[in-house]
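Participant: could you work out the structure for the sequence below:
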Amino acid sequence: MQEIFQKTISKSVELEGIGLHSGVKTKIKILPAKVNTGIVFKRIDIKKDNLIEANYKNVFSARLCTSLKNKSNISISTVEHLMAAFYMIGIDNALIEVNGPEIPIMDGSSKNFVETIKNVGLETLNGKRKFLKILRTIENQEGEKLIAIKPSSLGLEVNFQLDYKNEIIGKQQNTINFSKDDLENIYSSRTFCLYEDIAEIKKYGLAKGGSLDNAIVVQDNKVLNKDGLRNDKEFVNHKILDLVGDFFLSGFRIIGNIKSVQGGHQLSTSFIKKVFEQKNNYLFLELENVDYKKKGFVVQNQKIAASA
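Facilitator: As a prediction, the model looks like this:
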């Protein structure tokens, strides 16, 4: 059953850990927020102009992670795993206080965020959820990379195809419906890299906090993490996690089918802008109650006043 009312976290929770790229230890506090607040980050280590809305318009970098900044150039990085957790667990409104420049990487997935929020539960707010319904097929291809979205009547469905020369990663693909499928293998799948790429990544001042505690590292035909993989599609499942976290920067839950081939943060975040470029690409909707097995989506025939 699709939830039609907005939700927030029932009470505040705190988590702390190291930033994957900054190497800075930070603490975050997720607080309840009022209806129509959306997701807002607050840099409490900065006293002025410290609010950053989780919106695609605020993306200023998508190199190996998604980073946002406000008009005063106050930034927050690596927001995608927390944003994915909010999408998957059903949070529409939250204030996230953070005492540093980057959201902690935790174990490299969204698992810690999801489980911590589940422990305290959600609060239903007196306001309908706003959905972004895709009206026509939109596509963007950059060499071997492809991303496309087309209309759907069954919420958000993502098909991701991954193709690495490394034989451990190899070719993987998975399709997930975020309204009907069990999402545990998605939110628990960790970020990953090839061992031979680490030196190049560090050359750019990134991955200062990376370790086997927060990333899968693959060298030749071996996973270096002693406990191996959490599921047999962990690589592509993490890519799906990243994608849904980036797409939640649209500010809406999505009714559409997304296909991504060899995609990443840059492709996803730039594609969201392309979706909003033409108003005949989409419609803002509120939903009546939904039973997928019986009748799919029933929508109100009205646009919602919303900026995009």
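Participant: ok, and what's touching the lowest-mean-pLDDT helix or strand in the chain?
Facilitator: Within the chain, no helix or strand scores below helix 198-203, which has a mean of 91 by mean pLDDT, DSSP states H and E. The contact list for helix 198-203 (C-beta atoms under 8 Å, 6 or more residues apart in numbering) reads Leu64, Cys193, Ala207, Lys208, Gly210, Val217. No exception for glycine: its C-beta is placed from N, CA and C like everyone else's.
Participant: not counting its own residues, what contacts whichever helix or strand comes after it?
Facilitator: Next in sequence after helix 198-203, counting helices and strands by DSSP states H and E, comes strand 216-219. Contacts of strand 216-219 from elsewhere in the structure, counted by C-beta under 8 Å, 6+ apart, are 108, 166, 168-169, 190-196, 198, 223-225, 229, 234-235.
Participant: the same query, at a cut-off of 7 Å, please.
Facilitator: With C-beta atoms under 7 Å, 6 or more residues apart in numbering as the contact definition, strand 216-219 has outside contacts at Asn166, Ile168, Ile169, Arg190, Phe192, Cys193, Leu194, Tyr195, Val223, Leu224, Asn225, Glu234.
Participant: and stretch 117-130, by the same measure?
Facilitator: Applying C-beta under 7 Å, 6+ apart, the external contacts of stretch 117-130 come out as 3-11, 13, 32, 35-36, 85, 89-93, 252-253, 284, 286-287, 304, 306.
Participant: hmm, which of those residues are the buried ones?
Facilitator: Buried subset of the contacts of stretch 117-130 (neighbour count, 16 or more other C-beta atoms under 10 Å): 3, 6-9, 32, 85, 89-93, 252-253, 284, 286-287.
Participant: centroid residue for this protein?
Facilitator: Gly245 (0.7 Å; C-alpha atoms, centre = their mean).
Participant: distance of it relative to Ser188?
Facilitator: Using C-beta to C-beta, to the nearest Å, Gly245 is found at 14 Å from Ser188.
Participant: check Ser211 too.
Facilitator: If you go by C-beta to C-beta, the gap between Ser211 and Ser188 works out to 18 Å.
Participant: compare those two and say which is more crowded by neighbours.
Facilitator: Taking neighbours as other C-beta atoms under 10 Å, Ser211 and Ser188 compare with Ser188 leading, 21 against 13.
Participant: identify the residues contacting that one.
Facilitator: Ser109, Lys111, Arg230.
Participant: pretty sure Asp45 is in contact with Glu102, am I right?
Facilitator: No. Asp45 lies out of contact with Glu102 (C-beta atoms under 7 Å); the separation is 11.5 Å.
Participant: the more surrounded of the two?
Facilitator: A side-by-side neighbour count of Asp45 and Glu102, using other C-beta under 10 Å, places Glu102 first with 26 against 13.
Participant: list phi and psi for the more buried one.
Facilitator: Backbone torsions of Glu102, given as degrees, to the nearest 10, read phi -150, psi 140.
Participant: give me every residue that touches it.
Facilitator: Per C-beta under 7 Å, 6+ apart, neighbours of Glu102: Gly19, His21, Ser22, Val24, Thr26, Ser77, Thr78.
Participant: now, of those residues, which are buried?
Facilitator: Gly19, His21, Ser22, Thr26, Ser77, Thr78.
Participant: thinking again about what came up before, scan the contacts of Ser188 and report the most crowded one.
Facilitator: Ranked by neighbour count (other C-beta under 10 Å), these have Ser109 at the top, with 26 neighbours.
Participant: does that residue sit in a helix, a strand or a coil?
Facilitator: coil (DSSP: H, G, I helix; E, B strand; the rest coil).
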